[in-house]
Every structure is written in structure tokens, then in C-alpha cells.
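Novice: sharing a model prediction with you, sequence too.
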Amino acid sequence: MNPLNGEAPNADTLGAPMQEPSTPHENPLQANIESRSSDLEEVKRLSDLSPFDYDRVRKEEAKKLGVQVSTLDRLVRGAKGEEEKGNITFDEVEPWPDPVDLSTLLSDLSATVRRFIVCAEETADAAALWVAFTWFIDVVQVAPFAVITAPEKRCGKTQLLTLLQQVVCKPLMASNISPAAFFRTIDAWSPTLLIDEVDAFMRDNEELRGIVNAGHTRSSAYTIRTVGDNHTPTRFSLWGAKALSGIGHLADTIMDRSITLVLRRKLPNENTERLRYAETGLFPSLASRLARCAEDCREAVRSARPDLPASLHDRAQDNWEPLLAIADIAGGIWPDKARRAALTLSGAESPLQSIGTELLADIQEIFDAKRADKISTADLIQALCADDEKSWATYNRGKPISPRQVSSRLKEYGIISKTIRIGYGNTPKGFTLDQFKEAFSRYLTSPPEISATVTQPYSQAEKPVADSPTRCENENQNATPKPATGAGCGGVADKKGGWEVSI
């Protein structure tokens, strides 16, 4: 008898095992969440492995997780990146308790640079001003790079970069950096980036150079990249102070946006101290005073409109404007010292000449020397190659620059060859002086006076022949010149791939 209902038990149920009470079905959403949580924990575990250990297990672990190996690699890199991001911290600099005289502080910074680094006084002054500028990065519109360079190794470049690390605002040192790491680092922390050995990895990295250059002016200091599985376009900031150290001349676009700090190797009779022996409180006290000046002078720097030396070109004026603003606010000897440094370090434009402006300058000299108002392409190339100290005789992979190359370079300035008449029946391709006047005025530093009257035309002996091959020292003298085709059209100046091209 069933004690619950008074009924006799069914014979079919006698001896059957008792059933467990039914349980609710598992929640599929809850199971999915737990599965994803387990997956993330596994990715975190893999990100903690050494590169060697991870490489040994990545294929097997990707199979277990049911994902492609490339997907697992991306997830592990992301986990590593977030972990590393959390580990980068910047020391808090306590502002100096009392008001700071900015002029005295700049003098102390300059003297500190010369105490440890062999350099000219103007270089040390520029370094001091650039250090101060990093503390006002939030209120200026142009962020010039500090390019620390020297002709050879062992001139103190890394030493100066290490010194700057002690006194700039939010320093972050690196000896190599990828384009992605560069813009993500700046966007995440807005540090003062101090990058060493740039000559070793930036010279051929056009993407990195472009990103670095874009950070020069606040209004354009952004790059856009797609992010995540949905490839969402995302804007990253490139704005911040940057110091680059390397041997020799960096790319023109970098140098054009820079304050150049040129160092030199120490002579036996020159005495500098080792940076590691500096007294304990030296750099913390300088940084503290800079932090106080940043608080007190912030609005003054924001609203400053310093007088800029007229002899500096436009980009150099942009580069020096925030530094000169700081110098003017400091007062005392610093307005004069800063402008002397600007003219010394950035006043000469010739070291930054591009190939195009170098060609214009040499053509200007040729017109001036010949006292002519027109010149054939062939005669122009002959004159360019005549100077052994110039690069034109070997410009074309060890051969003289070709008419096509001359034409291509000059076309960038709106100068295109045309048929000219020189003497009776001679109508080669070439150029007139009038075609160059505007380019000379716009792109050369100090173009000489160009007379509209030609005082000495070509003599019969030096009359150019357009269809003759250009005579440079290492040219093939056995080349057969093509005969002239008549006075009504230009001669053939260049050939490529079997097609005759008039330049």
C-alpha cells in the first residue's frame, strides 16, 4: 500500500529503481557565458607564457579552442598589450613650493647640459629651451622635434638623450619603435618620446616617418586606423614632444621640423662629467622647478606671439616659435640668447637642400656664369656634370643625369622644356631664363639679381647642339648622335625602351 495515496503498488513498478527528482534544464545562455569566460582565462594563461613556450603549444591550443592560429595569436598579443599598458607609469613630479625665476632656471638647464655634454653654447641653450617646451605641450600649436645628431659615434648622443629623460615632462625612452606602437603609445599616455638609434631603423621606414611628421602641428596630429574585428575606423592622436637621436642627417622632412642639436666628440683637453656621477638631487630639483613654471606660466605661453627672426624660413619660424615664446617670458638674457641659438642652428638653409633645390641653385649658377638667357638641355647637363664636386656626373646610377631626370625634377616647379632657337637653324629642346625666375625667388634662399639683358650671348664655339650626346667624363663617347631633323622641331634628347622622347 502506498502510504501517500492508499493505493497498492503496481506489479510493474516493483523492484524498479527509484527515479531521481527531475532538475530544471540548464540555461544555454549561462553555459555560453561560462564558456567564454573559460576561453578568456585560457588566453590570459597563454599570454603569460614565454615566447618559446607559447610557440610550442599555439597550434594545439588553437585547435582546442576551435579558432584559427592567427586568431589566437591576435588575442594573445592583445592580452599582452593590455597587461604591459597597465605596467607603464610615470613619476609624479611635485611642483617647486616657491615661485621660480624662469630665466635662472633656463640658465641652470643650459649649464647642466654643458657640464655633461660636449657641445656649442647655442646647442645647450636650445636644449634647455626644448626641455622647458615639453612642459607646455598642452598650450602650444607646434611641437618641433629635438634631433640629436653627430657625424660619428661616441659623441654623447645617448648621453644627452638620457639627460633629457631626467628633466622633460613624462619621459618615455625607446631604442626602436614600430609605427603602430608609436601612435598607440602617444594616444594612450601623451609622453615625451625619446627615441635612440633612429638612423638604424627609421631611414627606410616611410610609414614611421610619415607618422612622426604628422605629429609636428597640433591641428593635423592624427592618424586613422581600423580597429577590431569590425574594422572600425578609429582616430589616434600623434600630438606630443619627441626627441630623436642618431648619426648623421636624417630624412629632410624630419630635419625640416626639428631643432637640431649637433654634438661633437670630446678633445683630450675638454672636461665633462659622467652623468651617472651627478649629485642625487640635481635632476629632481630641475624637474620640480620646471613643473612649477608650467603651472605659473601656462597662460602666458598660450597667448604669446613672439617676434620671429625674418631670416628664418617659414618652417624654422614655426619650430622656434614656442621656444622663443618661453624665452621672452623668461626675460633677462634669454630673448637674445634664444634668437642667437635659432639663427646659429637653423639660419643656414643649405644643409637641408633637397635634390630639387640643389638642381635649381646649380642652374642659377650656370645661367649667371654663361650670362645667357636660354640654354639647351644638352648644354645644361654638360655644365651640371662639369663640376666634379657635384653629384650630377654620377646621379644616374653612376652615369650622368639624363635629360628625362632633369625634366622630371624641374617639372615639379612648373618648368617644362620647350623648343628654343639658338643661332641660325639650331632649335634644340631647352629652357629660357624667364622660366626659372619665379622658382629661383620662391625656393632659393638668396637669389642674386637676374638681369633681363643678356650682355654676352653664346659664341659660335660654345653654341649648343641639342642632338649631340651630352659630354660628361664617364659617358660612352662611342654613342652615335642622331642627325638634326630641321629647324622647325626639336632634336631628340632622350630615349627609353626604343621610343624616342623629346624632353
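Specialist: Done, it's in.
Novice: buried residues in stretch 372-386?
Specialist: Buried residues in stretch 372-386, counted by 16 or more other C-beta atoms under 10 Å: 372-385. Where C-beta positions appear, they are placed from N, C-alpha and C, glycine not excepted.
Novice: ok, residue 80 - contacts?
Specialist: Residues counted as contacts of residue 80 (C-beta atoms under 8 Å, 6 or more residues apart in numbering) are residue 47.
Novice: still on that earlier bit, nearest to residue 105, out of the buried residues of stretch 372-386: which one, please.
Specialist: Distance to residue 105, by C-beta to C-beta, is smallest for residue 384 among the buried residues of stretch 372-386, at 51.6 Å.
Novice: next, that closest one: secondary structure please.
Specialist: Following DSSP: H, G, I helix; E, B strand; the rest coil, we place residue 384 in the helix state.
Novice: leaving out the residues flanking it, which one is nearest to it?
Specialist: Leaving aside its sequence neighbours, residue 384 sits nearest to residue 392 (C-beta to C-beta, 6 or more residues apart in numbering; 4.0 Å).
Novice: can you give me the helices for the stretch 301-450 of the chain?
Specialist: Listed in chain order, the helices of the stretch 301-450 of the chain (DSSP state H, counting those that start in this stretch) span 314-330, 334-346, 355-370, 377-385, 403-411, 437-443.
Novice: may I see those organised as a markdown table, with distance to residue 256 added?
Specialist: Below are those laid out as a markdown table (distance: least, C-beta to C-beta, whole Å):
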| stretch | distance to residue 256 |
| --- | --- |
| helix 314-330 | 5 |
| helix 334-346 | 10 |
| helix 355-370 | 12 |
| helix 377-385 | 25 |
| helix 403-411 | 19 |
| helix 437-443 | 13 |
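Novice: of these, which is nearest residue 156?
Specialist: Of these, the one closest to residue 156 (C-beta to C-beta) turns out to be helix 334-346, at 16.9 Å.
Novice: related to what we said a few turns ago, number of residues surrounding the residue nearest to residue 384?
Specialist: Other residues within reach of residue 392, judged by other C-beta atoms under 10 Å, total 22.
Novice: how confident was the prediction at it?
Specialist: Model confidence at residue 392, given as pLDDT, is 93.
Novice: got a list of what it touches?
Specialist: 362, 381, 384-385, 400-401.
Novice: 6 Å instead, please
Specialist: 384-385, 401 (C-beta atoms under 6 Å, 6 or more residues apart in numbering).
Novice: CSV please, covering the residues you listed and showing pLDDT and distance to residue 326.
Specialist: Output for the contacts of residue 392, formatted as CSV (pLDDT from 0 to 100; distance: C-beta to C-beta, whole Å):
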residue, pLDDT, distance to residue 326
384, 94, 45
385, 93, 48
401, 93, 45
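Novice: of all these, which comes closest to residue 344?
Specialist: For these, the minimum distance to residue 344 (C-beta to C-beta) is 31.9 Å, reached by residue 384.
Novice: ok, now how distant is that closest one from residue 407?
Specialist: 13 Å (C-beta to C-beta, to the nearest Å).
Novice: what are the ranges of the helices in the stretch 1-150 of the chain?
Specialist: Going by DSSP H, counting those that start in this stretch, the stretch 1-150 of the chain shows helices at 28-47, 51-65, 69-87, 102-116, 121-134.
Novice: these: which one's closest to residue 318?
Specialist: Closest of the helices of the stretch 1-150 of the chain to residue 318 is helix 121-134, at 12.9 Å (criterion: C-beta to C-beta).
Novice: buried sites along that closest one?
Specialist: Buried, per 16+ other C-beta under 10 Å, within helix 121-134: 122-134.
Novice: and the gap between the residue nearest to residue 202 when sequence neighbours are not counted and residue 66?
Specialist: If the residues on either side of it in the chain are set aside, residue 202 comes closest to residue 208, at 5.7 Å by C-beta to C-beta, 6+ apart. Relative to residue 66, residue 208 is positioned 37 Å away (C-beta to C-beta).
Novice: okay, those two: which has more neighbours?
Specialist: The neighbour comparison of residue 208 against residue 66 (other C-beta under 10 Å) goes to residue 208, with 21 against 8.
Novice: from what I see, the more buried one and residue 181 are in contact.
Specialist: No: at 9.8 Å, residue 208 does not count as touching residue 181 under the criterion of C-beta atoms under 6 Å.
Novice: find residues that contact each of those two.
Specialist: With C-beta under 6 Å, 6+ apart, residue 208 and residue 181 have no common neighbours.
Novice: outline the domain layout of this protein.
Specialist: 34-87, 102-349, 353-501 (automatic domain parsing).
Novice: JSON lines for these, including distance to residue 95?
Specialist: Formatted as JSON lines, those follow (distance: least, C-beta to C-beta, whole Å):
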{"stretch": "domain 34-87", "distance to residue 95": "26"}
{"stretch": "domain 102-349", "distance to residue 95": "4"}
{"stretch": "domain 353-501", "distance to residue 95": "44"}
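Novice: between those domains, which one is nearest to residue 94?
Specialist: domain 102-349 (5.9 Å).
Novice: what is the rounded mean pLDDT of that closest one?
Specialist: Domain 102-349 comes out at a mean pLDDT of 93.
Novice: picking up where we left off before, the strand or helix carrying the residue nearest to residue 202: what's the following helix or strand?
Specialist: In this assignment (DSSP states H and E), residue 208 forms part of helix 206-214. Downstream of helix 206-214, the next assigned helix or strand under DSSP H and E is strand 222-227.
Novice: identify the residues contacting residue 272.
Specialist: Listed by C-beta under 6 Å, 6+ apart, the contact partners of residue 272 are 116, 118.
Novice: which SS class is it?
Specialist: With three-state DSSP as the basis, residue 272 sits in coil.
Novice: tell me the phi and psi of it?
Specialist: Here is the backbone geometry of residue 272 (degrees, to the nearest 10): phi -130, psi 160.
Novice: before we move on, what about the one 3 residues further on?
Specialist: Residue 275 adopts backbone torsions of phi -60, psi -40, taken as degrees, to the nearest 10.
Novice: against residue 131, how distant is it?
Specialist: Noted for residue 275: a distance of 15 Å to residue 131, by C-beta to C-beta.
Novice: picking that back up, tell me which of the helices of the stretch 301-450 of the chain sits most buried.
Specialist: Of all these, helix 377-385 carries the top mean neighbour count, a mean of 24, counting by mean count of other C-beta atoms under 10 Å.
Novice: what is that helix packed up against?
Specialist: Of the remaining helices and strands, none touches helix 377-385 by 3 or more C-beta pairs under 6 Å, 6 or more residues apart in numbering; DSSP states H and E.
Novice: tilt between that helix and helix 403-411?
Specialist: Helix 377-385 and helix 403-411 are oriented at 80 degrees to each other (axes from the mean of the first three to the mean of the last three C-alpha atoms, to 10 degrees).
Novice: alpha carbons only: can I get helix 377-385 in CSV?
Specialist: Only the C-alpha atoms of helix 377-385 are listed here, as CSV (Å, rounded to 0.1, in the frame of the first residue of the first chain):
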residue,chain,number,x,y,z
THR,A,377,69.0,70.6,-72.3
ALA,A,378,72.2,69.0,-73.6
ASP,A,379,74.4,72.0,-72.8
LEU,A,380,72.7,72.4,-69.3
ILE,A,381,73.6,68.8,-68.5
GLN,A,382,77.2,69.2,-69.7
ALA,A,383,77.5,72.3,-67.4
LEU,A,384,76.0,70.4,-64.5
CYS,A,385,78.4,67.5,-64.9
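Novice: just how off-centre is that helix within its chain?
Specialist: Centroid separation between helix 377-385 and its chain, computed with C-alpha atoms, centre = their mean, to the nearest Å, is 35 Å.
Novice: quick one, that helix and helix 355-370 angle?
Specialist: Using the same axes, to 10 degrees: helix 377-385 against helix 355-370 is 100 degrees.
Novice: residues contacting the nearest residue to residue 332 once chain neighbours are set aside?
Specialist: Distance criterion C-beta to C-beta, 6+ apart; nearest residue to residue 332, sequence neighbours excluded, is residue 103 at 3.8 Å. Contact analysis of residue 103 by C-beta under 6 Å, 6+ apart lists 330-332, 334.
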